[in-house]
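A.B. asks: Give me coordinates for this.
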Amino acid sequence: MAFLAGHLSRRASGVRQMIEGLSGALANRGMEIKVFGIRDPAWEQDAAEWKGAAAEVLDRFGPAKFGFMPGLGRALRTYDPDLVHLHGIWLYSSLVAAGWAGQKGRALVISPHGMLAPAALSYSPVRKRIVRALFQDRCFARAAGYHATAEAEKGDIRAYVGNVPVAVVPNGVEETSVRLPAFSERSKRVLALGRLHPVKGYERLLRAWAQVEPDFPDWKLEIAGPDPEGHGGELRRLCAELSLVRAIIGPPRYGAQRDELIAGSRLFALPSLSENFALTVPEALVCGTPVLASWGSPWEVLQEKGCGWWVDSNPNALAVALRNAMETPETRLAAMGKVGRVWAIREFGWDALAAQMENFYSKTSKLIYEK
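C.D. replies: Presented below is the predicted three-dimensional model:
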């Protein structure tokens, strides 16, 4: 089988980690699999650390948002997989996937990765209408099934493309290799990690922080992530406008550096307006860090498991939640972190998730064969 993806370097953040983890786990289970993605400068460095299935990167030409890889169709025909799993939509890879499925009559599975959520659809709507008319609708029509990482995303998919087969299989996470310090050694830091984009809700987090910062002089807030569209400048201007003194908009962290930052923090925040999964949540839990997540993410279970909070993403509600979390005794936060770590390692191991996907691939291939 083949995975069709966008960037495979750190530029793709959580999507790259999901593709790497799932493809690697499927390969370890004996499946013949190859990943096709976009070449970029960061890949030259990241390739040495890639743990996924065999990968082939191809040159991209033209606007980044279209992802035009003229060699993709030829590479896919040469590999000749029995099934294609398309990761992401609205890109040239959707056109190639649609053409391949139509010509070969084999199964196509699509992972939208949150791109069909209402909040995500509200960005660049004109471009999406054009792409939909040109080839995306054709790609949807030829898909044998879809992969969602949460029930909410399953609802988004069916609301957009109809009553289609959808497998709900969450993203996985690996055990961290970094040392996990005792909670007393951790910085009194609220950490938010992710792409700097309006849908991530960081503006709301900063406005919430402005309400609590004066009352917690020994705590700080750090927001760190890649900034492909320059949103970080807007967030820094907002920090100045709100006269924040202990709020930092920092650079992205990857691998061990990311885990060390998470493990050295007492709280992790996810204020997103819309998330189909948010891999950073189980990553934080594996590091033993309690999580405060917004209703825009599918993480109500944090409260059920006793390892975090699930709250409204408006600034006032976030401020109340931040205050409650930072006032929680250190011993209680440490206990929450331990509970979350045990649960995340058990729930999101890659091999078990790969087995679920393997079963879904078999079902979708059978559907195509029976047609």
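A.B. asks: Could I get the full set of helices for the stretch 201-350 of the chain?
C.D. replies: Secondary structure of the stretch 201-350 of the chain by DSSP state H, counting those that start in this stretch: the helices cover 202-212, 231-241, 255-263, 280-286, 301-305, 315-327, 330-347, 350-370.
A.B. asks: And stretch 64-79, what's buried?
C.D. replies: Neighbour-count burial for stretch 64-79 flags 67-69, 72-73, 75-76 (criterion: 16 or more other Cβ atoms under 10 Å). From N, CA and C alone the C-beta is placed, and that goes for glycine too.
A.B. asks: Which of these fall within helices?
C.D. replies: Taking DSSP state H as the definition of helices, these contribute 72-73, 75-76.
A.B. asks: which one among those residues gets closest to Ser184?
C.D. replies: Comparing those against Ser184 with Cβ to Cβ places Leu72 closest, at 51.8 Å.
A.B. asks: and the nearest residue to the closest one once chain neighbours are set aside, what element?
C.D. replies: Once flanking residues are discounted, Leu72 sits nearest to Val96: 5.0 Å by Cβ to Cβ, 6 or more residues apart in numbering. With elements delineated by DSSP states H and E, Val96 resides in helix 92-104, which encompasses its position.
A.B. asks: Look up how far Ala263 lies from Glu185.
C.D. replies: 10 Å (Cβ to Cβ, to the nearest Å).
A.B. asks: Please identify which of these two sits among more neighbours.
C.D. replies: Applying other Cβ atoms under 10 Å to Glu185 and Ala263 shows that Ala263 carries more neighbours, namely 20 against 10.
A.B. asks: Can you give the domain ranges for this structure?
C.D. replies: Under the assignment automatic domain parsing, the domains of the chain span 2-172+349-370, 183-347.
A.B. asks: Let me have those in a markdown table, extended by mean pLDDT.
C.D. replies: Rendered in a markdown table, the data for these read as follows (pLDDT from 0 to 100):
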| stretch | mean pLDDT |
| --- | --- |
| domain 2-172+349-370 | 92 |
| domain 183-347 | 95 |
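A.B. asks: bridging residues for the spatially closest residue to Met69 that is not a sequence neighbour?
C.D. replies: Using Cβ to Cβ, 6+ apart and skipping residues adjacent in sequence, the residue nearest Met69 is Leu58, 4.4 Å away. The residues listed as beta-bridge partners of Leu58 by DSSP bridges are Ile38.
A.B. asks: Highest average neighbour count across the helices of the stretch 201-350 of the chain: which stretch is it?
C.D. replies: Per-residue neighbour counts averaged over each of those give the maximum for helix 280-286, namely a mean of 27 (mean count of other Cβ atoms under 10 Å).
A.B. asks: Give me the residues contacting it.
C.D. replies: Counting by Cβ atoms under 8 Å, 6 or more residues apart in numbering, the neighbours of helix 280-286 from elsewhere in the structure are 14, 171-176, 191, 193-194, 258-259, 262, 268, 270, 291, 293, 297, 299, 302, 307-308, 337, 340-341, 343-345, 347-348.
A.B. asks: for stretch 354-371, same thing?
C.D. replies: 1, 22, 25-26, 28-29, 31, 82-83, 85, 105-107, 109, 144-145, 147, 165, 167, 169, 172.
A.B. asks: rewinding a little: wait, what's in contact with the residue nearest to Leu72?
C.D. replies: Listed by Cβ under 8 Å, 6+ apart, the contact set of Val96 reads 4, 72-73, 76.
A.B. asks: right, and out of those residues, which lies closest to Gln211?
C.D. replies: Using Cβ to Cβ, Leu4 is the member of those that sits closest to Gln211, with 44.7 Å.
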